[in-house]
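[1] what would the 3D arrangement of this be:
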Amino acid sequence: MRCPHCSHSQSKVIDSRETVDSIRRRRECTYCDRRYTTYERVQSNSLQVVKRDERREEFSTDKLRVSILKACTKRPLPTGSIDKLVGEIEGDLYALGLSEVPSHTIGETVMERLREFDRVAYIRYASVYRDFQDIQTFRQEIDALLDPEASESVNQLSFLGSDTGVIKAPSSERRGRRTRQADPGKG
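    Below you'll find the model as predicted:
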């Protein structure tokens, strides 16, 4: 490991911590005494992505993370949940046992996971991935999500609070409070 400041080849590790998919090491150069951070990740067998035009490029976890982050922008998601999702998707792809994976397989896997994870992020991703050409196609995708026959995820944030499109506060009866009876003479 060469120091990024002076290019000296020897350093000492000051601190090591595990992250979701790597090990973070804080290092100090033994020559210039400056500190820097490195991340170590186990490199799996390389996975090649076959693009639509038949080009091949190496699978990039960072590219996957960026695309999911864009879809999840300004969503109220738990800290670390996106990194966990990226790791799960990457695991799904490697579990296929293939050395080459078509880009559409990656896109469909991401959409399947996002549909369970967060519906708004799913629609955002699908609108780019499927390249919706008109509002009708967009509407059809939303209608498919709102279909009551579709399975609901336990952690899913809903689009709407009810069929009317109005988000309702929890009723006072469910919270154990008495409700006042309305006077039939008053309007």
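[2] and the average pLDDT for stretch 32-48 is what?
    Averaged across stretch 32-48, pLDDT comes to 85.
[3] with stretch 124-136 instead?
    The average pLDDT within stretch 124-136 is 89.
[4] what's the per-residue pLDDT of Glu116 here?
    For Glu116, the pLDDT comes out at 92.
[5] how many neighbours does it have?
    15 (other C-beta atoms under 10 Å). Heads up, the C-betas are built off the backbone N, CA and C, glycines and all.
[6] checking it next. Helix, strand or coil?
    helix (DSSP: H, G, I helix; E, B strand; the rest coil).
[7] begin at 97, not 1, for the rest of this chat.
    Yes, from this point I'll number from 97; that puts the last item at Glu212.
[8] distance of it from Ala240?
    Glu212 sits 14 Å away from Ala240, going by C-beta to C-beta, to the nearest Å.
[9] next one: His104
    58 Å.
[10] and if you look at Arg220?
    In terms of C-beta to C-beta, Arg220 sits 15 Å off from Ala240.
[11] out of the two, which sits in the busier spot?
    Arg220 (18 against 12).
[12] tell me if the more buried one really is in a helix.
    Yes: Arg220: assigned to a helix according to three-state DSSP.
[13] helix/strand/coil for the closest residue to Ser105 other than its chain neighbours?
    Counting by C-beta to C-beta, 6 or more residues apart in numbering, Arg98 is the residue found nearest to Ser105 once chain neighbours are left out, at 5.5 Å. Under three-state DSSP, Arg98 falls in the coil class.
[14] tally up the residues packed near Arg98, please.
    11.
[15] then Asp188?
    Using other C-beta under 10 Å, the number of residues around Asp188 comes to 15.
[16] quick check, central residue of the chain?
    Ile178 (3.9 Å; C-alpha atoms, centre = their mean).
[17] that one reaches Cys168, doesn't it?
    Yes: Ile178 lies in contact with Cys168 (C-beta atoms under 8 Å); the separation is 5.8 Å.
[18] model confidence for the nearest residue to Tyr127 once chain neighbours are set aside, exactly?
    Excluding the flanking residues, the one nearest Tyr127 by C-beta to C-beta, 6+ apart is His104, at 3.7 Å. For His104, the pLDDT comes out at 94.
[19] sec struct for His104, please.
    Assignment for His104 (three-state DSSP): coil.
[20] report the contact partners of it.
    With contacts defined as C-beta atoms under 8 Å, 6 or more residues apart in numbering, His104 is in contact with Arg98, Cys125, Thr126, Tyr127, Cys128.
[21] so the third one touches Cys102, yeah?
    Going back to what we said before, that points to Thr126. No: counting by C-beta under 8 Å, Thr126 sits too far from Cys102 to count as a contact (10.3 Å).
[22] and this protein, split by domain according to the record?
    Using automatic domain parsing, the domain parsing of the chain gives 107-136, 144-242.
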